[in-house]
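> just need the structure, nothing else, for what follows:
(chains A and B)
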Amino acid sequence: AQSVAQPEDQVNVAEGNPLTVKCTYSVSGNPYLFWYVQYPNRGLQFLLKYITGDNLVKGSYGFEAEFNKSQTSFHLKKPSALVSDSALYFCAVRDAGAGNMLTFGGGTRLMVKP
Amino acid sequence: KAGVTQTPRYLIKTRGQQVTLSCSPISGHRSVSWYQQTPGQGLQFLFEYFSETQRNKGNFPGRFSGRQFSNSRSEMNVSTLELGDSALYLCASSSQPTGEGEKLFFGSGTQLSVL
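Prediction:
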């Protein structure tokens, strides 16, 4: 069975500081990993994905994520947070061993204070 | 290029009724997936259609069904509504099946309230 966990319901960070939103996964095969962001009253927007290759993936709006196979993690990072980054962030994993379904984590609310 | 369009945007129903939600994917996209979003359960996968065929189904009761038409538009139907069906229903499209690693494009969702 596949699963993805986002251990923090909310992350608070001051504007200009680096941010990290955590994600761990458990799959039976090679994972495809994704990050999506949801702004209020909107659908989700794609940020970045890891399929294969470099463990450090760069995405939209200055975000990046690092795939760590030994720790089964795919944490989202940004060097300098903006107030406009405040939103709900979802990690997702596709497991080829589970019918290729995409499973989302519970989401982490990022609050960036001025 | 128009995005994913979901209609209606808001819906209020009473217990026992049925409801149909509609999703028009981005032009050229043949994969449509449906998700249920609730504050307590997060984002739960309902089903995925690709070229009119259901490829995957999540762990939802048979009251939840869907279909996809030849123009890739999709509908989701919920029969005998229960209070717990109140949620934001999101539709997402992609050019290839979800399992291929394509990014998903989401609509703004249909907010269903069951009274």
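
> please make it C-alpha for all contacts and neighbour counts, starting now.
Noted.

> residue nearest the centroid of chain B?
B:Trp34 (3.0 Å; Cα atoms, centre = their mean).

> contact residues of chain A facing chain B?
By Cα under 8 Å from any Cα of the partner chain, the residues of chain A that approach chain B are A:32, A:41-46, A:49, A:51, A:94, A:96, A:99-107.

> buried ones among those residues?
A residue is treated as buried here by neighbour count (16 or more other Cα atoms under 10 Å in any protein chain shown); on that basis the buried members of those are A:32, A:43-46, A:49, A:51, A:94, A:96, A:100-107.

> for the one helix or strand A:Gln45 maps to, which strands pair with it and how are they oriented?
Assessed by DSSP states H and E, A:Gln45 sits inside strand A:44-50. Applying DSSP bridges, strand A:44-50 is found paired with strand A:31-38 (antiparallel).

> need the contact list for the residue nearest to the centre of chain B.
Each residue near B:Trp34 by Cα atoms under 8 Å, 6 or more residues apart in numbering or on different chains is listed here: B:Phe45, B:Leu46, B:Phe47, B:Glu48, B:Met76, B:Tyr89, B:Leu90, B:Cys91, B:Ala92.

> can you map out the strands along chain A?
Chain-ordered strands for chain A, with DSSP state E as the definition, fall at A:3-5, A:10-14, A:19-21, A:24-26, A:31-38, A:44-50, A:56-58, A:64-68, A:73-78, A:87-95, A:102-104, A:108-113.

> what's the closest of those strands to B:His29?
The minimum distance between B:His29 and the strands of chain A falls on strand A:44-50, with 16.0 Å, by Cα to Cα.

> excluding chain neighbours, what is closest to the residue nearest to the centre of chain B?
With Cα to Cα, 6 or more residues apart in numbering or on different chains as the measure, B:Cys91 is the residue that lies nearest to B:Trp34, at 4.6 Å, once sequence neighbours are left out.

> so the one you found sits right up against B:Tyr35, yeah?
Yes: here B:Cys91 lies in contact with B:Tyr35, judged by Cα atoms under 8 Å, at a distance of 6.3 Å.

> the more surrounded of those two?
B:Cys91 (33 against 22; other Cα atoms under 10 Å in any protein chain shown).

> any idea how far B:Asn59 is from the more buried one?
Using Cα to Cα, to the nearest Å, B:Cys91 is found at 17 Å from B:Asn59.

> B:Ser22 now?
Note on B:Ser22: its distance to B:Asn59, by Cα to Cα, is 21 Å.

> among the two, which residue is more densely surrounded?
Higher neighbour count among B:Ser22 and B:Asn59: B:Ser22, with 20 against 9, using other Cα under 10 Å.

> what's around residue 52, how many residues?
Since you didn't name a chain, this refers to chain A. A:Thr52 is surrounded by 12 other residues when neighbours are defined as other Cα under 10 Å.

> let's do chain B instead
B:Glu52 - counted by other Cα under 10 Å - has 18 other residues nearby.
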